[in-house]
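Q: let's see this in three dimensions:
(2 chains)
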Amino acid sequence: MKYLALILANLFRKKIRLLLTLASFAVALFLFAFLAVVRDAFNRGGDVANASRMVTINRVSIIQPLPLSYRDKILRIPGVQLVTHDNWFGAVYQDEKNFFPQFAIDTENQLKVFPEFVVPDDQWNAFLKDRQGAVVGAATAKRFGWKIGDRIPLKTTIYGGASAWEFNLDGIYHGKRLQDDESQFWFQWDYFEERVPQHFKGQVGWYTVKLDSPDDAVRVSKAIDAEFANSPNETKTETESAFAASWVKQFGNIQALIVSIGTVVFFTLLLVTGNTMAISVRERTGELAVLKAIGFKDGTILFFVLAEALAIALVGGLLGLAFAYFVAIPLLGAALNGLLPNLILDKSMLSAGVGFALLVGACAGLLPGIGAMRLRVVEAFRRI
Amino acid sequence: MVSVNTNGISEALIQVRGLNKTYRRGGEQIQVLQGLNLDVDKGDFVAFMGPSGSGKTTLLNLLGGLDVPTSGTVSVAGDEITHMSSGRLTDWRARHVGFVFQMYNLVPVLTAYQNVELPLLLTRLSRSARREHVQTALAIVGLRDRAHHFPRQLSGGQEQRVAIARAIVSDPTFLLCDEPTGDLDRKSADEIMALIEELVAQHGKTVLMVTHDPLVATRAHTILHLEKGALVEGKARQSVGTGGAA
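A: Purely as a prediction, here's the structure:
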């Protein structure tokens, strides 16, 4: 590429300015990646949701429990293949900062309803035989350095009791897909039922219903809610993805917040880099005029300016994305202590980030580039 | 041979016929050049003199295809450039014109070598062929040993030599020099003029130069004065003189 020396020489003309412009791109792309990852984590529930699964909660709130007796009634509704139930345990390990999701599960149906989670057979069988047994996701096991056979005390903040609940770690599950949540801690619902205070007994947090066919979703959800209409515990049944979406809404409109911040970042960056490129072109008016005088065409002049802007955008953007990928997101994941599922900066986000950087670079370089392209040599020489 | 009174067909390298240039400043029309005729043969060295605002630089810009006349024509080696499109004119400049400016106008972030190489980037020459051309041009101006110096590391005279090397590296049909010694001390100016004379005498270059300096102008074969938008023949240094075709 015979013009490379000229483009590079112009790029490094003002080193401090180059560094600051690169830094502004790096910060913006870091923010972009960071926000995209957080948004993705919030929306992950919808992404991993199975179209054949529905969630039934108490119509008042998910905090309100439902009677265990609903299970058999739901199971009798045509189109329902399986029903499982969970209770949120809300305990901490050793310290309040060591939070992760724990569920009292229906051991009979858990893996049938959630086939994306895989537990080795021997570990699962050991768990079924151990009333105080527990199965934990690989991420949480790694986080606390747990291994099979460990005794794990958890202190619940919901179900009272001065002493911790103790569990034996019998198994470690893995998700089949990268986005599957590997932070959960499961233990037997029977053990939970045995130890909770009397007024919690016979109640579950929510039901997860597996359908014969996703096409039955609307009919079955209406049928379930109709079944318990006008009862003390009316239900609200929705698809797993709708449930995940309404769960996210509890935190506010994350999507709108992230898009707003992203938009502000985009336009701020556009102004900063556009201004930088404009100054850079303006101070080179004489040189550009000479290039045009000796035979460089308008398109080539535009190419020079755009190439500079795109090179800055690409290098700065990659620096920001690399920082997000290797440093910031792992640190955020550690700081959140499993509050959000896996924080993943995947290839599509990285590609979108590079595309975003190049778009800003092209927009920022275009106006000054067109100005340089249209520069009239005679007028430029008159000005310098 | 240089002639300012011709308006018919000639064999001259550069033929200017009925050249007019009018500017509009505010509501006022300013006629800079008025029906100018000029013939310049290959190998001629012409100096244009005249007071500020007489149209010397405007004429140079028109001859170099940097500006378009209000009316009239400029033909160079048979190509009538006044009606060329902007793109074609750019290509034509790259092939036929070498520019030397008063302020050198080198790209400060490029070395002398890279500055001289610039016009060759527009050609299809290989990297090694470009290197050969650049080294030859730098040798002609006596700066081969400064090839990797940046303009800020060179004196004014040396910078102008680099600019001249840039102007001749692609072997253009003619050179346009706008006050080439205007920013130099007398000694450096003499050296630059000796170099331009050498380009004319030994390399057969055609040079058209604008200058305010009578001493510099006397180095040219022909001196033409621009007065009120018209060309007037001046005193010739050599017998080549003016008016042969008049």
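Q: can you give me the end-to-end span of stretch B:206-220?
A: 11 Å (C-alpha to C-alpha, to the nearest Å).
Q: now stretch B:171-190
A: Distances were taken as C-alpha to C-alpha; on that basis the terminal residues of stretch B:171-190 are 23 Å apart.
Q: distance between that stretch and the chain's centre?
A: Stretch B:171-190 has its C-alpha centroid displaced from the chain centroid by 9 Å (C-alpha atoms, centre = their mean, to the nearest Å).
Q: what's in contact with it?
A: With contact meaning C-beta atoms under 8 Å, 6 or more residues apart in numbering or on different chains, stretch B:171-190 is reached by B:13-14, B:40, B:57, B:60, B:63-64, B:76-77, B:95-104, B:155-157, B:160, B:164, B:167-168, B:192-193, B:196, B:199, B:205-213, B:216. For glycine as for every other residue, the C-beta is placed from the backbone atoms N, C-alpha and C.
Q: can you give me the buried ones in stretch B:183-196?
A: If you call a residue buried by 16 or more other C-beta atoms under 10 Å in any protein chain shown, then stretch B:183-196 has these buried ones: B:183-184, B:188-193, B:195-196.
Q: tell me which residue in chain A sits closest to chain B.
A: Residue of chain A nearest chain B, by C-beta to the nearest C-beta: residue A:295 (2.5 Å).
Q: any idea how many residues pack against that residue?
A: 25 (other C-beta atoms under 10 Å in any protein chain shown).
Q: what does residue B:228 give?
A: What residue B:228 shows, counting by other C-beta under 10 Å, is a neighbour count of 13.
Q: check what pLDDT it gets.
A: Confidence at residue B:228, expressed as pLDDT, is 81.
Q: gap between it and residue B:150?
A: Between residue B:228 and residue B:150 the computed distance is 44 Å (C-beta to C-beta, to the nearest Å).
Q: over to residue A:10?
A: Taking C-beta to C-beta as the criterion, residue A:10 is separated from residue B:150 by 14 Å.
Q: those two: who's more crowded?
A: Ranked by neighbour count (other C-beta under 10 Å), residue A:10 and residue B:150 place residue A:10 first, with 22 against 17.
Q: name the element the more buried one belongs to?
A: Mapping residue A:10 onto the secondary structure by DSSP states H and E places it in helix A:4-11.
Q: on the three-state scheme, residue A:258 is what?
A: Residue A:258 falls in the helix class when you classify it by DSSP: H, G, I helix; E, B strand; the rest coil.
Q: low-confidence stretches in chain B?
A: Applying pLDDT under 70 to chain B picks out residues B:1, B:5-9, B:234-246.
Q: show me where it has its helices.
A: In order along the chain, chain B carries the following helices (DSSP state H): B:56-63, B:86-96, B:112-117, B:127-140, B:156-168, B:186-203, B:214-217.
Q: what residues of the last one count as buried?
A: I take that to be helix B:214-217. Of the residues in helix B:214-217, those scored as buried under the neighbour-count criterion (16+ other C-beta under 10 Å) are B:216-217.
Q: what helices and strands are in contact with that helix?
A: With contacts taken as 3 or more C-beta pairs under 8 Å, 6 or more residues apart in numbering or on different chains; DSSP states H and E, helix B:214-217 sits against strand B:45-49.
Q: now residue A:261. Nearest residue, chain neighbours left out?
A: residue A:35 (6.0 Å; C-beta to C-beta, 6 or more residues apart in numbering or on different chains).
Q: now the helix or strand that neighbour falls within and helix A:4-11, what's the angle there?
A: Of the helices and strands defined by DSSP H and E, residue A:35 is found in helix A:15-48. Taking axes from the mean of the first three to the mean of the last three C-alpha atoms, to 10 degrees, helix A:15-48 and helix A:4-11 form an angle of 100 degrees between their directions.
Q: could you point out which element follows helix A:15-48?
A: Moving toward the C-terminus from helix A:15-48, the next element (DSSP H and E) is strand A:53-58.
Q: would you mark the buried spots in stretch B:132-144?
A: Neighbour counts using 16+ other C-beta under 10 Å place B:133-135, B:137-138, B:140-141, B:143-144 of stretch B:132-144 among the buried residues.
Q: how about these, which pair is most distant?
A: In terms of C-beta to C-beta, these reach their longest pairwise distance at B:133 and B:143, which sit 14.5 Å apart.
Q: buried set for the host helix or strand of residue A:355?
A: Using DSSP H and E, residue A:355 maps to helix A:347-374. Along helix A:347-374, the positions that meet the burial threshold by neighbour count (16+ other C-beta under 10 Å) are A:349-350, A:353-354, A:356-357, A:360-361, A:363-366, A:368-373.
Q: residue contacts, residue B:91?
A: Contacts for residue B:91 were tallied using C-beta under 8 Å, 6+ apart; they are A:295, A:297.
Q: how much space between it and residue A:98?
A: In terms of C-beta to C-beta, residue B:91 sits 73 Å off from residue A:98.
Q: same deal with residue B:34?
A: Residue B:34 is 92 Å from residue A:98, where distance means C-beta to C-beta.
Q: setting aside sequence neighbours, what's the nearest residue to residue A:24?
A: Excluding its sequence neighbours, the residue lying closest to residue A:24 (C-beta to C-beta, 6+ apart) is residue A:272, at 5.2 Å.
Q: now do residue B:117
A: Counting by C-beta to C-beta, 6+ apart, residue B:117 lies nearest to residue B:134, which is 5.0 Å off, once chain neighbours are set aside.
Q: pretty sure that neighbour sits against residue B:169.
A: Yes - taking C-beta atoms under 8 Å as the contact criterion, residue B:134 and residue B:169 are neighbours in contact, 6.1 Å apart.
Q: low-confidence stretches in chain A?
A: Low-confidence regions of chain A, defined here as pLDDT under 70, cover residues A:43-49, A:160-162, A:247-252, A:336-342, A:384.
Q: point me to the residue of chain B nearest chain A.
A: Counting by C-beta to the nearest C-beta, chain B gets nearest to chain A through residue B:94 (2.5 Å).
Q: please name the bridge partners of the spatially most central residue of chain B.
A: Nearest residue to the geometric centre of chain B (C-alpha atoms, centre = their mean): residue B:176, 0.5 Å. Beta-bridge pairing for residue B:176 (DSSP bridges): residue B:99, residue B:208.
Q: neighbours of residue 14, how many?
A: No chain was given, so I picked chain A. Other residues lying near residue A:14 total 16 when counted by other C-beta under 10 Å.
Q: could you do chain B instead?
A: 22.
Q: how near is the closest residue to it other than its chain neighbours to residue B:15?
A: Closest residue to residue B:14 in three dimensions, ignoring its sequence neighbours and counting by C-beta to C-beta, 6+ apart: residue B:40, at 4.1 Å. Going from residue B:40 to residue B:15 by C-beta to C-beta gives 8 Å.
Q: output the set of residues of chain B in proximity to chain A.
A: The interface of chain B toward chain A, taken as C-beta under 8 Å from any C-beta of the partner chain, is made up of B:61, B:64, B:66-67, B:86-87, B:90-91, B:93-95, B:99, B:101, B:103, B:105, B:107-110, B:114, B:118-119, B:121-122, B:127, B:166.
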